[in-house]
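A.B. asks: pasted the sequence and its predicted model underneath.
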Amino acid sequence: MDIYSFEDFVGDRDVFFAQYFNRKPLLRRGALAGRLDGLPSVRHLDDLLALETVPPSYLRVTKGGKGVPSGAYTRTVARGAALAEALNPEKVYELFRSGGTVTWNSLNHVLPSARRLTEPFTDAFASPAEVVVFVTPARTDGFSPHHDSIDVFVVQVDGTKTWRVWDTPDERPGDEGSHTPEELGEPVIEVTLEPGDVLYVPHGTPHAASARSELSLHLSVGVEPRRWRHLLTDTVAALVEGDDFHAVPHLTDGGGAAVAALAGRLALLGERLARLDAVTEAARLTDVGRTRERAVHGREFARLAAVDALGPDTLVRRTTTAVEIGSSADGKTGLHVAGHHLNVPDAVADALRALDGEQAVTAATFFPGVPEARSLGVARGLARLGVLEPAGAAPGASR
Ligand SMILES: [Fe+2]
């Protein structure tokens, strides 16, 4: 199955960010032609409908431009002692056959192929991404001209769909809105997308779509723009975490002491802001964006399985997980990592200090001066805690 990179969608990354990102729409014909295997498909959607536990809120049906009330395609089922709403597949198919468009929202919450698809976008933008899938039957109207508050990457997966996209305006409202064709004039892109075509529509850019004579499945990966106000709110929030900002002031009567105290804290915050190194802060904000709640892609079972498969000849290296190495007492050194405190032989602490960056050693020699099996055990233990990670087999290893 295909795993996609950000470049698969946008082409050259530098050209995309210099010329298109946040500026103008981009059409890439055939960008994923012949490589649609890893994407959500009509077969996946049939499977999802057959599952009884997909909450109906993930699905929306529109017909004649209007939303169909969910009661028209759900049923009540017993779930343990409670009653719950579930999708009624037959009703959904019936609405589709009679011209309804079926939209799956946040499909990355329930479908692994959609979740994998968000990863290159989360990584490139350091912002959460959501996958929405649209299935339209033949001969439907589709969507009239509107703009969205997020950046959208459209991928045509099945059938065809005709799109019109207008210029990205200089001044962009933050919210969604609709337009009339008269006020928009001529579109800058008018195209019938075919399977494998990719279309990038920056937030606030008017666009419209209509299906052709066959079933169409297209998906859109939506990425929330992170504005300066989002980023700097994060910066200030991190700066006021410390004890200096923990006290509880009384500001409501505006007395002189309260105002002086506030002035003091504002000055302190100002100093901290002025001392921040922009390079380090940019890296921190990127990291925060990539790992925030909705962007996290847990692989813990797979990671632990890889740790258990560590052999004596497997190369191990340090991860970026922070480890506090304490002082030595009676031949043991305290380590503080991810909420765990442990005492390890001094030689293990020294080995950790010596490993930095890309350097790697075999698991059998990580802990010098002890039998291979003991070194391997210690390396596995540290790998379970996330301090070490496998870096491949040693060259020439044969056992
Ligand atoms: Fe849209």
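C.D. replies: Yep, that arrived. Numbers count the residues shown, from 1 in each chain.
A.B. asks: now do the buried residues in stretch 237-249.
C.D. replies: Neighbour-count burial for stretch 237-249, counted by 16 or more other Cβ atoms under 10 Å, picks out Leu239. Where C-beta positions appear, they are placed from N, C-alpha and C, glycine not excepted.
A.B. asks: how about the CA coordinates for that stretch, as CSV?
C.D. replies: What follows is stretch 237-249 as a C-alpha-only set of coordinates in CSV (Å, rounded to 0.1, in the frame of the first residue of the first chain):
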residue,chain,number,x,y,z
ALA,A,237,1.4,30.6,27.5
ALA,A,238,4.8,28.8,27.7
LEU,A,239,6.5,31.8,29.2
VAL,A,240,4.0,32.3,32.0
GLU,A,241,4.1,28.6,33.1
GLY,A,242,6.8,29.2,35.8
ASP,A,243,6.4,30.1,39.5
ASP,A,244,6.8,33.8,38.8
PHE,A,245,3.3,33.9,37.4
HIS,A,246,1.6,31.6,39.9
ALA,A,247,0.5,34.1,42.6
VAL,A,248,-3.2,35.2,42.7
PRO,A,249,-3.6,39.0,42.4
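A.B. asks: could you check the distance from the spatially most distant residue from the centre of the chain over to Ile325?
C.D. replies: Of all residues in the chain, Gly256 has its C-alpha farthest from the mean position, at 47.3 Å, by Cα atoms, centre = their mean. Look at Gly256 and Ile325: by Cβ to Cβ, to the nearest Å, they are 48 Å apart.
A.B. asks: before we move on, what about Val279?
C.D. replies: Counting by Cβ to Cβ, the gap from Val279 to Ile325 is 25 Å.
A.B. asks: now Leu184
C.D. replies: 62 Å.
A.B. asks: and His218, by the same measure?
C.D. replies: Applying Cβ to Cβ to His218 and Ile325 gives a distance of 52 Å.
A.B. asks: which of the residues in the helix or strand where Val348 lies are buried?
C.D. replies: According to DSSP states H and E, Val348 maps onto helix 346-354. By 16+ other Cβ under 10 Å, the buried positions in helix 346-354 come out as 347-352.
A.B. asks: looking at the residues you listed, which one is closest to Ser213?
C.D. replies: Ranked by distance to Ser213 (Cβ to Cβ), the buried residues of helix 346-354 are led by Leu352 at 64.0 Å.
A.B. asks: and the next helix or strand past whichever helix in the chain runs longest?
C.D. replies: Looking across the chain with DSSP state H, the single longest helix is helix 256-275. Downstream of helix 256-275, the first helix or strand assigned by DSSP H and E is helix 278-291.
A.B. asks: give me the buried positions along that next one.
C.D. replies: Going by neighbour count (16+ other Cβ under 10 Å), the buried part of helix 278-291 is 281, 285-286, 288-290.
A.B. asks: show me where pLDDT drops low in the protein?
C.D. replies: 1, 140-142, 173-174, 254, 292-299, 357, 393-399 (pLDDT under 70).
A.B. asks: any idea how it splits into domains?
C.D. replies: 6-223, 228-247+260-291, 300-393 (automatic domain parsing).
A.B. asks: can you list the residues that contact the longest helix of the chain?
C.D. replies: With contact meaning Cβ atoms under 8 Å, 6 or more residues apart in numbering, helix 256-275 is reached by 235-236, 239-240, 244-245, 249-251.
A.B. asks: in TSV, list the residues you listed along with distance to Arg23.
C.D. replies: Formatted as TSV, the contacts of helix 256-275 follow (distance: Cβ to Cβ, whole Å):
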residue	distance to Arg23
Thr235	25
Val236	29
Leu239	32
Val240	35
Asp244	41
Phe245	39
Pro249	45
His250	49
Leu251	43
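A.B. asks: among these, which are in helices?
C.D. replies: Those of these lying in helices (DSSP H): 235-236, 239.
A.B. asks: distance between stretch 29-38 and the chain's centre?
C.D. replies: Centre-to-centre, stretch 29-38 and its host chain are 21 Å apart (Cα atoms, centre = their mean, to the nearest Å).
A.B. asks: may I see the buried residues of it?
C.D. replies: For stretch 29-38, the neighbour count (16+ other Cβ under 10 Å) marks 31-32, 36 as buried.
A.B. asks: quick one: the helices in this protein?
C.D. replies: Under DSSP H, the chain gives helices at 6-10, 13-15, 42-50, 89-97, 112-125, 181-184, 228-239, 256-275, 278-291, 300-308, 346-354, 372-384.
A.B. asks: with distance to Gly159 added, can I get these in CSV?
C.D. replies: Converted to CSV, the helices of the chain look like this (distance: least, Cβ to Cβ, whole Å):
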stretch, distance to Gly159
helix 6-10, 20
helix 13-15, 30
helix 42-50, 9
helix 89-97, 13
helix 112-125, 18
helix 181-184, 24
helix 228-239, 37
helix 256-275, 52
helix 278-291, 34
helix 300-308, 35
helix 346-354, 55
helix 372-384, 47
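A.B. asks: closest one to Ala329 among those helices?
C.D. replies: That would be helix 346-354 among the helices of the chain, by Cβ to Cβ, at 9.5 Å.
A.B. asks: and the closest one, what other elements does it pack with?
C.D. replies: strand 323-329, strand 332-337, helix 372-384 (3 or more Cβ pairs under 8 Å, 6 or more residues apart in numbering; DSSP states H and E).
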